[in-house]
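Undergrad: compute the structure for the input listed below.
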Amino acid sequence: MSRFLRFLLWFGISALGAGAVAISALYRGEGINALWLVVAGFCTFAIAYRFYSKWLVTKVLVIDERRATPAVTHNDGKDFVPTPKWVVFGHHFAAIAGPGPLVGPVLAAQFGYLPGMLWILIGATLGGGVHDAVVLFASIRRGGKSVGQMLREEVNPFIGLVAMLSLMAIMTILLAVLGLVVVNALAESSWGLFTIAATIPLAVIMGLGMKTGVASVKTVTIFGVAGLLLSVWLGQFLSAYPAIEAWFQHDKLWLAWSIIIYGFCASVLPVWLLLAPRDYLSTFMKLGTVVILAIAVILVHPVLHMPALTKFVDGTGLVFAGPVFPFVFITIACGAVSGFHCLISSGTTPKMVDRESVIRSVGYGAMITEMLVALMALVAACALEPGQYFAINTSNKGLTDAQVVAKVNGALSADPLLKARPPVTEQEMQALAVGIGEKTMMGRAGGAPTFAVGMAHMFAQAFGSGFKALWYHFAIMFEALFILTTIDAGTRVGRFILQDFLGQIWTPMGETRSLPANVFASALLVAGWGYFLIQGVVDPLGGINTLWPLFGIANQLLAVIAFCLGTTVLVKMGKARYALVTVLPLLWLGSVTFSAGWIKIFSPDPKLGFLALIDATKAKIASGATDPSLGRVIFNNYVDVAVTASFMAGVAIIVVGCGLEWARILRGTKPVVLKEAPYVLLPDAA
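TA: Numbering: from 1, shown residues only. Reported below is the predicted structural model:
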């Protein structure tokens, strides 16, 4: 293709994308076609990957295709393992694509589709992709070290210590929320749990087949995907065998303990046995489902019943309290910018990458692929009738179905645009539940069930309405796979970070090849996030409503830490002229996240502020209320205050420390010493 034709092609893609964004943003009619959002997403993906990511890796990072990676130089057959490019992509995408691209956009849909759409497109291309690629590059150049280790070596030991403590504390909250989303999605759903349970033996067989050389990657891929689809299909027949169905029909507390045990096992077992093959299998299902969902959107071209903006931008939303600024930017994390990704980009992935050229496709490419997932989740939520959306996502603890319906309809009637939509009824919600093979859909807060309902509706319209229950449970399985792969990879990465910290206290604990050290660190980490998971399950106010804002704040503060590291590396590489690629996202995330943290602690609204809720609960007790759960509410909110304040203080120290380091380097008052690993040529380049 000639240069002129290439110019016309990319100019056309740019114009189409810009037009789609403009129409989506400016349209104020009764409903807009979802195709405009899909076109905007795919055009943004193409432009960002073709131009921005290429400039980033060639001009800013300057990757070296001949340089050996830690997977090659430290190959131990357990954690450091040279792995084929697309298997690494599969692992990385599966590990980073947790609940954020599914749950976050669904929850943020209460503001309307526009705020979430703009943040997803802008945040992922200019922030999230840069975040993931820069951290992956820095870790590969430093032997696969974690963010905390790199800050300790590149800045100073004190900043490194604060970073490690912050990383471990933040990781604890993140993993707890991930587990809570899975629990809410699979509770009392035998079909969903059966399918998820089947992925574990499938992954083990795949891992053994690849490790022993008995089967090729192609063979185990066909086996795994076929087995996964078969398990989804078989799950619908459990109801005909009550004795077997009882094995997979459990409440939230049982599921919480099961996830805790699973996370421990995934952290301790060799990466090739469970983690990598399960993530690889999950990625096929994830990407395949996203592609099919995009096709369904094109075929059905649903109208978005949720308007561009709702009155809930003022902070009075039923799904969660808080105004659109700053809460949309912490509610949608993984689909735009997610600090959790830096743990994977400096954890398991750099120990598997076999050459630096993979940084572009895995680091940047996987992130903007996740952007498309988030956009599809937003479409699925906004295509539902607003009454159904709010009835599913409004907590029903202590309320009858009739009271939930009255609460939702009362809130919708106060919005000039939403009151034009049909009011929701109990009969409508019951019919919805029956149609998808569930007992109830009222109060299924957490975002995952909402996405599954929206996806099932579109699949049924595109491929046959007689299979709506199958589509719903397929979507639940799809979401749980997303999240569980993040839990297992996150727990393993958290174990690396914890061992690095413990190794400074007692050297043997830092040895990742030691089974006793691995078991102890895994147990300690799992006990931490398991505590918050259990508290979220028994929380009388609905755990997701309390923990999700905390998750968002912790996650985005972690991204601030990662951008501090990225900026430090660029400045020390002599690339200060390019530092705005990390500094601008750092400043934006810092401002919105610290604002959100301040609001969550000090807001006078009990629905929003931790301290205000404590005072309101104490007042209830003083007036004679005897509900024993009120004491738990007070204790949990004191914990939330302490956690949020400590996160903010720790990150503030890191930002100031890194800023002083940049100033000293740029003024020339401190010699620049990069802590990169020795340069070693790849065997095929030597």
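Undergrad: so where's the stretch 551-686 of the chain shaky on pLDDT?
TA: By pLDDT under 70, the weakly predicted segments of the stretch 551-686 of the chain are 685-686.
Undergrad: meant to ask about the stretch 1-150 of the chain
TA: Within the stretch 1-150 of the chain, the set of residues satisfying pLDDT under 70 comprises 1, 29-30, 98-100.
Undergrad: tell me which stretches of it form strands.
TA: 32-33 (DSSP state E, counting those that start in this stretch).
Undergrad: please enumerate the helices of it.
TA: Counting by DSSP state H, counting those that start in this stretch, the segments of the stretch 1-150 of the chain that form helices are 3-26, 35-47, 54-55, 70-73, 85-96, 100-108, 113-123, 129-141, 147-154.
Undergrad: out of the ones you listed, indicate the one that is most buried.
TA: Burial of the helices of the stretch 1-150 of the chain is given as mean neighbour count (mean count of other CB atoms under 10 Å); helix 100-108 ranks first at a mean of 32. C-beta coordinates here come from the backbone N, C-alpha and C atoms, glycine included.
Undergrad: packing partners for that helix?
TA: The helices and strands touching helix 100-108, judged by 3 or more CB pairs under 8 Å, 6 or more residues apart in numbering; DSSP states H and E, are helix 113-123, helix 324-331, helix 366-382, helix 448-463, helix 468-505, helix 543-572.
Undergrad: in the second one, what counts as buried?
TA: Spelled out, it's helix 324-331. Within helix 324-331, the residues that count as buried by 16 or more other CB atoms under 10 Å are Val324, Pro326, Phe327, Val328, Phe329, Ile330, Thr331.
Undergrad: residues contacting Val134?
TA: With contact set as CB atoms under 8 Å, 6 or more residues apart in numbering, Val134 has these partners: Leu56, Leu61, Gly363, Ala562, Gly566, Val569, Leu570, Val581, Thr582.
Undergrad: thinking again about what came up before, adding pLDDT and distance to Leu136, write the buried residues of helix 324-331 out as a markdown table.
TA: Compiled in a markdown table, the buried residues of helix 324-331 are given as follows (pLDDT from 0 to 100; distance: CB to CB, whole Å):
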| residue | pLDDT | distance to Leu136 |
| --- | --- | --- |
| Val324 | 92 | 32 |
| Pro326 | 92 | 27 |
| Phe327 | 92 | 29 |
| Val328 | 93 | 27 |
| Phe329 | 92 | 23 |
| Ile330 | 89 | 23 |
| Thr331 | 88 | 26 |
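Undergrad: quick check: the farthest pair among these?
TA: Val324 and Ile330 (11.3 Å; CB to CB).
Undergrad: what about the closest residue to Met455 other than its chain neighbours, distance to Ala380?
TA: Closest residue to Met455 apart from its sequence neighbours, by CB to CB, 6 or more residues apart in numbering: Ala475 at 4.3 Å. Ala475 is 9 Å from Ala380, where distance means CB to CB, to the nearest Å.
Undergrad: ok, now Phe594?
TA: Relative to Ala380, and taking CB to CB, Phe594 is found at 32 Å.
Undergrad: these two: who's more crowded?
TA: Per other CB atoms under 10 Å, whichever of Phe594 and Ala380 has more neighbours is Ala380, with 28 against 20.
Undergrad: quick revisit: got the helices of the stretch 1-150 of the chain as JSON lines, with distance to Ile173 columns?
TA: Below are the helices of the stretch 1-150 of the chain laid out as JSON lines (distance: least, CB to CB, whole Å):
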{"stretch": "helix 3-26", "distance to Ile173": "33"}
{"stretch": "helix 35-47", "distance to Ile173": "29"}
{"stretch": "helix 54-55", "distance to Ile173": "35"}
{"stretch": "helix 70-73", "distance to Ile173": "29"}
{"stretch": "helix 85-96", "distance to Ile173": "17"}
{"stretch": "helix 100-108", "distance to Ile173": "14"}
{"stretch": "helix 113-123", "distance to Ile173": "21"}
{"stretch": "helix 129-141", "distance to Ile173": "19"}
{"stretch": "helix 147-154", "distance to Ile173": "16"}
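Undergrad: of all those helices, which one is nearest Thr400?
TA: Proximity to Thr400 (CB to CB) singles out helix 100-108 among these, at 23.8 Å.
Undergrad: who's in contact with the closest one?
TA: 115-116, 120, 181, 319-320, 328, 331-335, 338, 340, 370-371, 373-375, 377-378, 380-381, 393, 446-448, 450-451, 479, 482-483, 548, 552, 555.
Undergrad: rerun at 7 Å
TA: 115-116, 120, 181, 319-320, 328, 331-335, 338, 370, 373-374, 377-378, 381, 446-448, 450-451, 479, 482, 548 (CB atoms under 7 Å, 6 or more residues apart in numbering).
Undergrad: for that helix, C-alpha coordinates in PDB please.
TA: Only the C-alpha atoms of helix 100-108 are listed here, as PDB (Å, rounded to 0.1, in the frame of the first residue of the first chain):
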ATOM      1  CA  GLY A 100     -12.900  -3.400  36.600                       C
ATOM      2  CA  PRO A 101     -13.700  -3.600  32.900                       C
ATOM      3  CA  LEU A 102     -17.000  -5.400  33.700                       C
ATOM      4  CA  VAL A 103     -18.200  -4.200  37.100                       C
ATOM      5  CA  GLY A 104     -16.800  -0.600  37.100                       C
ATOM      6  CA  PRO A 105     -18.600   0.500  33.900                       C
ATOM      7  CA  VAL A 106     -21.800  -1.200  35.000                       C
ATOM      8  CA  LEU A 107     -21.800   0.700  38.300                       C
ATOM      9  CA  ALA A 108     -20.800   4.000  36.700                       C
END
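Undergrad: good, wrapping up.
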